[in-house]
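# Take this sequence and fold it.
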Amino acid sequence: MYRSLSAAAALLGLLSPTQPPPEGGEPVTAPVIDLSGKVLDANGKVLDIGERISNLDESVTDETRGTQRRIIFAADVLFAFDKATLTGKARSRLRQAAESLRKEAAGKEVKIDGYTDAKGSGSYNLELSQRRAQAVRDALGELVPGVTFTVAGHGEADPVAPNALPDGGDNPKGRAKNRRVEISFTR
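Modelled structure (predicted):
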């Protein structure tokens, strides 16, 4: 018993390497660690782990980063071209978003942001994005009572993909990604 106690004590630094062993025990050799060297701080940026899930055609994306949640709908799924009236398909997609809002955003503020591509005038796109965000807010307001919604239209600001190709040609896939409505809240 003394042997294991003295070994444990040596490992914990309670005995010096030259200290005699406890009565009846064997000599203990403890490792000597030199702690007189320079101490360096470990600095680094702490990043939140996020997750991003989208359906195969990326028409609906669900992102979570820390306590922030964002549901992104491609405008082409919610609206006909150049319109701000929700399609029948849009209502079923918004019902799915409403389930998440009921579970995670009850009593909290939810932001709804509308975006367009860069086709057309800036003022027209700003107004269209506002009307689209408001249409989503109206539908969700019926589905999720008790949530405060803030609505904003941003037009062609904050693109997530290039509206044009490097040679200046049209980029329909990029423009499609930029036409979107984002629903965001803190969980």
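# For Thr148, see how far away the residue nearest to the spatial centre of the chain is.
The centre of the chain sits closest to Arg65, judged by Cα atoms, centre = their mean, with a distance of 2.5 Å. According to Cβ to Cβ, to the nearest Å, Arg65 and Thr148 sit 22 Å apart. In short, each C-beta sits where N, CA and C put it, glycine included.
# do the same with Ser121
Per Cβ to Cβ, Ser121 is found 32 Å from Thr148.
# Show me where this protein dips below the pLDDT cut-off.
Scanning the chain for pLDDT under 70 picks out the ranges 1-22, 24, 27-28, 30.
# buried ones in the lengthiest helix in it?
Taking DSSP state H as the criterion, the chain has its longest helix at helix 122-143. By neighbour count on 16 or more other Cβ atoms under 10 Å, the buried set for helix 122-143 is 125-126, 128-137, 139-140.
# Confirm Gly120 sits in a helix?
No - counting by DSSP: H, G, I helix; E, B strand; the rest coil, Gly120 is not found in a helix; it is coil.
# quick one: Ala135 and Ala80 touch, right?
No - assessed by Cβ atoms under 8 Å, Ala135 is found out of contact with Ala80, at 11.8 Å.
# Helices along this protein, start to end?
Along the chain, the stretches classed as helices by DSSP H are 2-11, 75-78, 88-104, 122-143, 172-178.
# Quick one: list the elements packing against the second one.
So the one you mean is helix 75-78. Applying 3 or more Cβ pairs under 8 Å, 6 or more residues apart in numbering; DSSP states H and E, one finds that helix 75-78 contacts helix 88-104, helix 122-143, strand 180-186.
# swap the cut-off to 10 Å and go again
Judged by 3 or more Cβ pairs under 10 Å, 6 or more residues apart in numbering; DSSP states H and E, helix 75-78 is in contact with helix 88-104, strand 109-115, helix 122-143, helix 172-178, strand 180-186.
# Please export the C-alpha coordinates of that helix as PDB.
Extracted in PDB, the C-alpha atoms of helix 75-78 (Å, rounded to 0.1, in the frame of the first residue of the first chain):
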ATOM      1  CA  ALA A  75     -38.400  33.500 -54.300                       C
ATOM      2  CA  ASP A  76     -39.100  31.400 -57.300                       C
ATOM      3  CA  VAL A  77     -40.700  28.800 -55.000                       C
ATOM      4  CA  LEU A  78     -42.900  31.400 -53.300                       C
END
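# from the middle of its chain, how far away would that helix be?
22 Å (Cα atoms, centre = their mean, to the nearest Å).
# Mind listing what's buried along that helix?
For helix 75-78, using 16+ other Cβ under 10 Å, the buried residues are 75, 77-78.
# residues in contact with it?
Helix 75-78 is contacted from outside by 55, 57-60, 81, 83-87, 89-91, 93-94, 114-117, 128-129, 132, 135-136, 139, 176-181, using Cβ atoms under 10 Å, 6 or more residues apart in numbering.
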